[in-house]
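1. following is a predicted model, sequence given first.
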Amino acid sequence: MSPIRRGEKLPIYNRIGVLRAERQMSRAQLAELVGINVQSVGALERGDNYPSLDLAFRICDVFDLPVEAVFSRREFGAMSAALYRREPSPTSPGAQPVHSIHTDDIGGE
């Protein structure tokens, strides 16, 4: 039987704190933009509470990011590691590494 049908709570990880910090946004500012209180933002960031689907979309709209870039069932690695992973060019052996984005490492399922 699926863990969801048994009523088990699966974790939801998020990058809300990191995204706020990058934008120099306070918890109060985010709370005002999405229509919740400051304590709720803190609880979301710590993983004490999970957002409703509507709230998750409102948060993603503030950061102008898709849901899978902000929320995930798997823990997020460092954003820089996912975005700036260096790999050798497939066309020339020994060539200088190039930057590539791996969306599967950003989060989501």
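-> Thanks, I have it. Keep in mind that what you see is a predicted model, and the values were worked out from it rather than measured.

2. residues in contact with whichever strand or helix holds residue 56?
-> According to DSSP states H and E, residue 56 maps onto helix 53-63. Contact partners of helix 53-63, identified using C-beta atoms under 8 Å, 6 or more residues apart in numbering, comprise 16, 19, 23, 30, 33-36, 44, 51, 66-67, 69-71. Glycine gets a C-beta too; all of them are placed from N, C-alpha and C.

3. whichever of those end up buried, select them in PyMOL.
-> A single PyMOL command suffices to select whichever of these are buried according to 16 or more other C-beta atoms under 10 Å:
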select buried, resi 16+19+30+34+36+44+51+69+70+71
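
4. any idea which helix or strand comes after the helix holding residue 56?
-> By DSSP H and E, the next helix or strand past helix 53-63 is helix 67-70.

5. following that following helix, which helix or strand comes up?
-> Beyond helix 67-70 toward the C-terminal end (DSSP H and E), the next one is strand 71-72.

6. still on that earlier bit, out of the contacts of helix 53-63, which one sits closest to residue 9?
-> Of all the contacts of helix 53-63, residue 9 sits closest to residue 51, with 13.6 Å by C-beta to C-beta.

7. shaky segments in this protein?
-> 1-7, 79, 82-83, 86-109 (pLDDT under 70).

8. where exactly do the strands run in it?
-> 13-14, 71-72, 85-87, 98-100 (DSSP state E).

9. this completes my enquiry, with thanks.
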